[in-house]
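Novice: Sharing a sequence plus its predicted fold:
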Amino acid sequence: MANDAILEQSREGPIAHVRLNRPDVRNAFNAEVITALTRTFEELGGDHEVRAIVLSGAGPVFCGGADISWMRASLDLSYGDNVIDARAMSDMFRTIDRCPKPVIGKIHGAALGGGAGLAAVCDIAIASADAVFGFTEVKLGIIPAVISPFVLAKIGSSHARALFLTGERFDAKRAHHIGLVHEVVVADTLDVCVERVLNEILSAGPSAVAAAKALVARVSESSYTQSRDITAEAIAKQRTTPEGQEGLRAFLERRKANWIS
């Protein structure tokens, strides 16, 4: 499990809470944080008792991007070491993005650089109205390369062009408009809104939720010809599982399915 000094974990029944815990540096990334996030999401993804994961940040900011000390150390890295460093970060985002559990991002304060990348890999991102976002890498003479596959999948190339090239900061309203976040709420209602989403997830079939998430990823990377078979096989498989059978019977019999408490 992760070191609580950099990444806190807690459980509320089937809900896992993962909180970045470096408020003194705006929950910034470094090599240890990247390793901890990767391992944590790998473990939670394989935990059958977990139904959803809430990702948040301690202190006044969700995630301010890369740690200054980590960036300073990168000045002395060779090209090859920089590639290794970047691949590890890419693997972290990919692990969160493809985690079979729904990931809900609870975003407040700021999500900048890699922090905005974290928002992009959350299945459902809910932001406080006062949150600030930005793909600010070009302001430092670098580029948002590692996060780009995940951000482009979320906001498209048109918005990426405007925001990657300027590095400008933007508010939660614009983040919602471009699809980076799904809801914007008053700060003191953030927990209530996250709870509402969690209740919706808990009312759904656990394996169906995982299958639906996997389906989105597979179909988005496929041609229609490929997706025709993928989708037909996916629904046929899910309909014939015990969960699929129970869900359909419960609906027809006008009762709660057995996974709903």
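Specialist: Structure's in. What do you need?
Novice: Please make it C-alpha for all contacts and neighbour counts, starting now.
Specialist: Noted.
Novice: Please enumerate the helices of the chain.
Specialist: Applying DSSP state H to the chain gives helices spanning 31-45, 68-74, 79-97, 114-121, 148-166, 172-177, 190-202, 206-220, 224-239, 242-252.
Novice: Where among those helices is average confidence lowest?
Specialist: Across these, helix 68-74 has the smallest mean pLDDT, namely a mean of 80.
Novice: neighbouring contacts of that one?
Specialist: 29, 30, 31, 82 (CA atoms under 8 Å, 6 or more residues apart in numbering).
Novice: and what of stretch 124-142?
Specialist: 102-114, 116, 119, 143-144, 163-173, 175, 180-187, 190, 193-194.
Novice: Report the separation between the two terminal residues of that stretch.
Specialist: End-to-end span of stretch 124-142 (CA to CA, to the nearest Å): 28 Å.
Novice: now do stretch 45-59
Specialist: End-to-end for stretch 45-59, by CA to CA: 26 Å.
Novice: Show me what counts as buried in it.
Specialist: Within stretch 45-59, the residues scored as buried using 16 or more other CA atoms under 10 Å are 45, 50, 51, 52, 53, 54, 55, 56, 57, 58, 59.
Novice: if you look at those, which of them are in strands?
Specialist: 52, 53, 54, 55, 56, 57 (DSSP state E).
Novice: Now flag whichever of those is closest to residue 252.
Specialist: Closest to residue 252 out of those is residue 52 (27.1 Å), distances taken as CA to CA.
Novice: beta partners for that closest one?
Specialist: Legend: beta-bridge partners of residue 52 under DSSP bridges are residue 15.
Novice: can you tell me which residues contact it?
Specialist: 14, 15, 16, 101, 102, 103, 104, 198, 201.
Novice: ok, now residue 116?
Specialist: Counting by CA under 8 Å, 6+ apart, residue 116 touches 63, 65, 133, 134, 135.
Novice: Name the member of these with the most neighbours.
Specialist: When neighbours are counted by other CA atoms under 10 Å, residue 63 leads these with 33 neighbours.
Novice: wait, what's in contact with that residue?
Specialist: By CA under 8 Å, 6+ apart, the contact list for residue 63 reads 20, 26, 27, 28, 29, 57, 110, 111, 112, 114, 115, 116.
Novice: try residue 144
Specialist: Residue 144 neighbours (CA under 8 Å, 6+ apart): 113, 135, 136, 137, 138, 164.
Novice: now it: how far from residue 226?
Specialist: Going from residue 144 to residue 226 by CA to CA gives 31 Å.
Novice: Please name the bridge partners of residue 20.
Specialist: The partner residues for residue 20, given DSSP bridges, come to residue 7, residue 57.
Novice: list the contacts for the spatially most central residue of the chain?
Specialist: Nearest to the geometric centre of the chain sits residue 122, at 2.1 Å (CA atoms, centre = their mean). By CA under 8 Å, 6+ apart, the contact set of residue 122 is 96, 97, 102, 103, 104, 105.
Novice: which one of the contacts of helix 68-74 has the most neighbours?
Specialist: Top of the contacts of helix 68-74 by neighbour count (other CA under 10 Å): residue 29, with 27 neighbours.
Novice: Can you check what pLDDT the model gives that one?
Specialist: The model's pLDDT for residue 29 equals 92.
Novice: Quick check: closest non-adjacent residue to it.
Specialist: With sequence-adjacent residues excluded and distances taken as CA to CA, 6 or more residues apart in numbering, residue 29 is closest to residue 66, at 4.6 Å.
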